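K.L.:
Starting from these lines, generate the structure:
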Amino acid sequence: MTNTDSLLPLRQADQFGRAVAMRLSSGTEELPYDVRERLRAARVRALEARKKPAVAPVVVGRGASATLALERNWLYRIGSVLPLIVLAGGLVLIHTIQTERRASELAEVDAALLTDDLPPAAYADPGFVQFLKQSGRGE
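P.N.:
You can find the predicted model right below:
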């Protein structure tokens, strides 16, 4: 099979399309001007809608230089999701550390209250708080 054999169906389709266009255009001279213009505009819109949209190249930055990439592969997709995963992991780590610190601070306060000479109920007494303020011990 040669190249001319493979182009034969395309040529026949082109000839058929031209024949149909001539047949459709043959009666347009008798139509009023405004109808012809609307038909022409409709043909232009139909041809524009039929065109495939052009794919714009994507600028991808790599280090100190930028390159054009026409398609993205799986490595770029992983690279774009990876910072989100690291951010989520960092937030979970910060939350865990702060929870542990808060628990240890509360444990220290509880241990100080339990090992003190005063009973824990004394700290809740409003009179005791007033006593501490007047004596200069409570800060």
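K.L.:
What count of nearby residues applies to Leu39?
P.N.:
14 (other C-beta atoms under 10 Å). Placement of C-beta: from N, CA and C, glycine included.
K.L.:
now swap in Tyr123 and tell me
P.N.:
Here the count is done by other C-beta under 10 Å, and Tyr123 has 13 residues near it.
K.L.:
same question, Leu75
P.N.:
Leu75 sits with 8 neighbouring residues when counted by other C-beta under 10 Å.
K.L.:
SS state for it?
P.N.:
helix (DSSP: H, G, I helix; E, B strand; the rest coil).
K.L.:
following the helix or strand containing Thr99, which helix or strand comes up?
P.N.:
Secondary-structure assignment from DSSP states H and E places Thr99 in helix 74-115. Counting by DSSP H and E, the next helix or strand C-terminal to helix 74-115 is helix 120-124.
K.L.:
what packs against that next one?
P.N.:
helix 74-115 (3 or more C-beta pairs under 8 Å, 6 or more residues apart in numbering; DSSP states H and E).
K.L.:
make it 10 Å
P.N.:
Identification of packing neighbours for helix 120-124 by 3 or more C-beta pairs under 10 Å, 6 or more residues apart in numbering; DSSP states H and E yields helix 74-115, helix 126-135.
K.L.:
Would you reformat these as a markdown table and include distance to Ser25 and mean pLDDT?
P.N.:
Shown next, in a markdown table, are those (distance: least, C-beta to C-beta, whole Å; pLDDT from 0 to 100):
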| stretch | distance to Ser25 | mean pLDDT |
| --- | --- | --- |
| helix 74-115 | 50 | 91 |
| helix 126-135 | 100 | 80 |
